[in-house]
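sequence? don't have it. structure:
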């Protein structure tokens, strides 16, 4: 049994966590400040790129009351939307017009320039508990290109004419100048919808989200909506939250999904682009997952679509937590496929149930800048710019490396914050749900705090509630050691 560590006072645990998170940045060799020439180029672009539609030769859509919906505190705002419903004579939604504005990052990043070169090194914005590491300098990402409220901003605007099932009848992509009216948080937006005080776009978003979830079911897609652990600031330190997404988050995600699917359609039609792909689960994996649902007492019947089954689970049921945890491993192998000419043999993103392209987050993800440029050219009958076409095939490697780094940062951060939440509580017992077993150990989630860990030698089936005792919690490494305290109970 590992030696017990001395209990840490809260202040000492806080200091040790700050030190550990800083060391994690060093160990992962994360980028630090931007080189001076990159910051200077960004500041110059922020000053010189025109936002007057007449001067820039762009469509003027400032009359539309766009709004943004993002996590609290966001300043790098990639997307803004305006949604207007068409009503039938009976007063029910009969369709609508959706305008979805995506930050015009290409206007501020010269192909082959110093900002472009640095962005290709970084790949994406990295999110650490002690601060994000942006893809672009803040003069662009949090100011000039960010779709902040009450400011004229350049954007790629997707316009969807929707039928009564929120299916796109026509799609256009144009560069324009917009003006967002308000920056909403998810919590405030949901509260306004629930209270009936939301502006028209938010009210219409509830209809749109419900309809698009039905379309997702029809095509066999699946939104897991698994409660995820989030690290949030707390009185100078950090704590964990594990909550299911609000409905407005799901509705908002459906807008991005529609845009990404439409982008993929444009690329496939134009014969050039880059898709986000994921192979379908292997038959043996699907059979094993179906057997696990039977063992957990919530069988996935053959006549029920995978996504519909997951959406019908009670998130408060311990066995449902185990099923959702297993479901996250059913779809694996996501990647990027670039093509110019012959499209990929399998263009499907199987979890979405359709071809898909990352398109809606150019401030935070490198590949989206190419998607916007490619789609706008194809949609308007022009040749894709040479720089974009020639560099497409370099993107999968860049994004794969960047995704790997982001995953290691996320996992390392979560491990250390979880250890800090438990540090000083050695010897105490906690209730936990067994999520699954692998290689002789059980994966568990504590009820409170919502910490996930592995327990060696725990003989308990998935979905079982168990009592565990904390042996040690090492903030420096994020390693947590738990052991059975009492026999498992059903």
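Sure thing, it's come through. Note that the structure is a prediction, hence the values are computed from the model and not measured.

contacts and neighbour counts: CA atoms only from here.
Fine.

What pairs with the helix or strand hosting residue 240, parallel or antiparallel?
With secondary structure defined by DSSP states H and E, residue 240 is part of strand 237-243. If you go by DSSP bridges, strand 237-243 pairs up with strand 228-234 (antiparallel).

State the mean pLDDT of the strand it pairs with.
Mean pLDDT, strand 228-234: 72.

One more: stretch 419-432?
93.

Now do the helices in this protein.
In the chain, helices defined by DSSP state H lie at 10-27, 36-48, 53-56, 114-122, 138-139, 186-195, 200-219, 247-270, 283-295, 306-311, 318-327, 367-379, 386-391, 395-422, listed in chain order.

quick one: low-confidence parts of the stretch 301-450 of the chain?
Low-confidence segments of the stretch 301-450 of the chain, defined by pLDDT under 70, are absent.

The closest residue in space to residue 103 that isn't next to it in sequence and residue 162, how far apart?
If you skip the residues right next to it in sequence, residue 103 has residue 155 as its closest partner in space, 4.7 Å away by Cα to Cα, 6 or more residues apart in numbering. When Cα to Cα, to the nearest Å is the yardstick, residue 155 and residue 162 sit 21 Å from each other.

more neighbours, the two?
Taking other Cα atoms under 10 Å, residue 155 and residue 162 do not tie; residue 155 has more neighbours (30 against 20).

what number of residues lie near residue 85?
Residue neighbour count, defined by other Cα under 10 Å, stands at 22 for residue 85.

Pull out the buried residues from the strand holding residue 240.
Of the residues in strand 237-243, 237-241 count as buried by neighbour count, 16 or more other Cα atoms under 10 Å.

Please apply the same query to stretch 456-474.
Residues of stretch 456-474 classed as buried under the neighbour-count rule (16+ other Cα under 10 Å) are 456, 458, 460-474.

isn't residue 87 right up against residue 94?
Yes - the criterion here is Cα atoms under 8 Å, and residue 87 meets it with residue 94 at 5.1 Å.

picking up where we left off before, now do the strand holding residue 240, average pLDDT.
Computed over strand 237-243, the mean pLDDT rounds to 72.

Then stretch 29-43?
Confidence for stretch 29-43, expressed as mean pLDDT, is 97.

from here on, count from 20
All set: I'll call the first residue 20, so the last point we hit is now stretch 48-62.

Give me the contacts around it.
Outside stretch 48-62, the residues within contact range by Cα atoms under 8 Å, 6 or more residues apart in numbering are 127-128, 133-134, 137, 141, 152, 156, 158-159.

Drop anything exposed from those residues.
Buried members of the contacts of stretch 48-62, counted by 16+ other Cα under 10 Å: 127-128, 133-134, 137, 141, 152, 156, 158-159.

quick check, nearest of the residues you listed to residue 193?
Distance ranking of these against residue 193, using Cα to Cα, places residue 127 first at 16.9 Å.

If you drop the residues flanking it in sequence, what lies closest to that closest one?
For residue 127, ignoring the flanking residues on the chain, the nearest one in space by Cα to Cα, 6+ apart is residue 64 at 5.5 Å.

my guess is that neighbour meets residue 124, correct?
No - applying Cα under 8 Å as the test, residue 64 and residue 124 come out as separate, 10.6 Å apart.

Of those two, which one has the most company?
With other Cα under 10 Å as the criterion, residue 64 and residue 124 differ in neighbour count, and residue 124 comes out ahead with 26 against 18.

Would you mind giving me the confidence score for the more buried one?
The per-residue pLDDT reported for residue 124 equals 98.

mind checking how far it is from residue 411?
17 Å.

what angle do the strand holding residue 259 and helix 29-46 make?
Using axes from the mean of the first three to the mean of the last three Cα atoms, to 10 degrees, the interaxial angle of strand 256-262 with respect to helix 29-46 works out to 80 degrees.

Show residues contacting strand 256-262.
For strand 256-262, the external contacting residues (Cα under 8 Å, 6+ apart) are 33, 148, 246-252, 436-437, 440, 468-470.

Of these, keep whichever come out buried.
Judged by neighbour count, with buriedness set by 16+ other Cα under 10 Å, the buried members of the contacts of strand 256-262 are 33, 148, 248-250, 436-437, 440, 468-470.

residues in contact with the residue lying closest to residue 372 once chain neighbours are set aside?
Using Cα to Cα, 6+ apart and skipping residues adjacent in sequence, the residue nearest residue 372 is residue 240, 4.4 Å away. Taking Cα under 8 Å, 6+ apart as the criterion, residue 240 is in contact with 325-326, 369-373.

next one: residue 414
355, 357, 386 are the contacts of residue 414 under Cα under 8 Å, 6+ apart.

Buried subset of the residues you listed as a PyMOL selection?
Remark: buried members of those, expressed as a PyMOL selection using 16+ other Cα under 10 Å:
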select buried, resi 355+357+386
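
what's the residue closest to the geometric middle of the chain?
residue 272 (8.7 Å; Cα atoms, centre = their mean).

ok, that one to residue 395 distance?
With distances defined as Cα to Cα, the gap from residue 272 to residue 395 amounts to 22 Å.
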